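Asks: let me see the structure of the following:
(one chain, ligands or ions: 2)
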Amino acid sequence: MSEPTLPPELVEALQGVRSVGAITGAGISAESGIPTYRGVGGIYDDPEEGHSTVEALSGPTLLRDPDRTWRAVAALARHTIDATPNAAHHALARMEQALERFVLLTQNVDGLHRIAGSRNVIDIHGDVLATRCTSCETRTRLTRVELAALDATPPCPDCNAHLRPDAVLFEELLDPRKVLRMQEAFYREPPDLVLVVGTSAMFPYIAEPVHVAARCGRLTIEVNPEPTPLTNVVGTSLRGPAGVYVPLLAAALGADGD
Ligand code: NAD
Ligand code: ZN
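Replies: Numbering: from 1, shown residues only. Ligands and ions are numbered 1, 2, ... in the order given. Here you go, the predicted model:
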């Protein structure tokens, strides 16, 4: 089989791109060994397990039975304990270096974009290693090893109340400051290219910036091995793994690997 390449007309269109807004989901970390929720190999492959995990990772469960939520977070952390950024994370970090304007909106809570060197990151669902106290102002960070080992709610080091993950759980509201940053980055002056990678785009606030960019005549590209609700919205759908296509896109934008 021949090496995947980008369509020549796409490469040509990418020459004029000065600003990129990238939007990523769990699929970009799949090649780092972190299971997605939906899609092949995702935890929803077993719907009962998927449903039970989502319930455990919800705001109402955190209030009722915080130990259950923390155990579910710890179980997910055990999947990610050795995960490192893959070629797609690195390629997005290079794009940021090469372009005048770059913003990355991610739904992932695994921290791999920052480890890869991305700086202008809106982690709209937070970071799973960050915690905050449910009673005082204390914020702390856990190591991946500490998080993976938890089997009950960790106490606040200052007041001993319950800590909670500083991440947005299911049925919880987004951080309004991050929503504002996202709106500024994607709506005020949409980037020349909006690139969506590895997300099933189930959340309206993830799909909407892509609709807006398409309506404004910007370039829109999706990278995903499977079709999604955005497939018919974007100008180009690259049907394959992020680790293959995102480095090709970075190279076409003048952000070559070493
Ligand atoms: P999702 O699990 O709903 O969808 C994953 C998408 O990635 C699917 O469309 C799938 O086809 C695609 N995909 C699978 N392998 C891929 C690859 N190699 N390259 C490119 N795409 C690939 O994930 P989502 O849309 O991010 O939304 C679900 C929620 O799950 C989010 O809230 C997110 O916070 C959370 N989540 C995060 C992580 C993480 O931090 N790594 C992991 C699982 C779930
Ligand atoms: Zn406290």
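Asks: number of nearby residues for the residue lying closest to residue 149 once chain neighbours are set aside?
Replies: When the adjacent residues along the chain are set aside, residue 149 lies closest to residue 74, with 7.1 Å between them (CB to CB, 6 or more residues apart in numbering). Where you see a C-beta, it was placed from the backbone N, CA and C, and this is true even at glycine. Residue 74 is flanked by 18 other residues according to other CB atoms under 10 Å.
Asks: distance of residue 74 from ligand 2?
Replies: Distance from residue 74 to ligand 2, counting by CB to the ion, to the nearest Å: 20 Å.
Asks: would you say that residue is within a strand?
Replies: No - in this structure, residue 74 is helix, not part of a strand, as judged by DSSP: H, G, I helix; E, B strand; the rest coil.
Asks: quick check, it in contact with residue 144.
Replies: No - the pair residue 74 / residue 144 is not scored as a contact, 10.3 Å apart, by CB atoms under 8 Å.
Asks: go ahead and report the secondary structure state at the closest residue in space to residue 248 that isn't next to it in sequence.
Replies: Leaving aside its sequence neighbours, residue 248 sits nearest to residue 6 (CB to CB, 6+ apart; 5.3 Å). The local conformation at residue 6, judged by three-state DSSP, is coil.
Asks: can you check residue 159 too?
Replies: Here residue 159 is recorded as coil under three-state DSSP.
Asks: one step back: wait, the residue nearest to residue 248 sits on residue 249?
Replies: Yes - under the criterion of CB under 8 Å, residue 6 makes contact with residue 249 at 7.0 Å.
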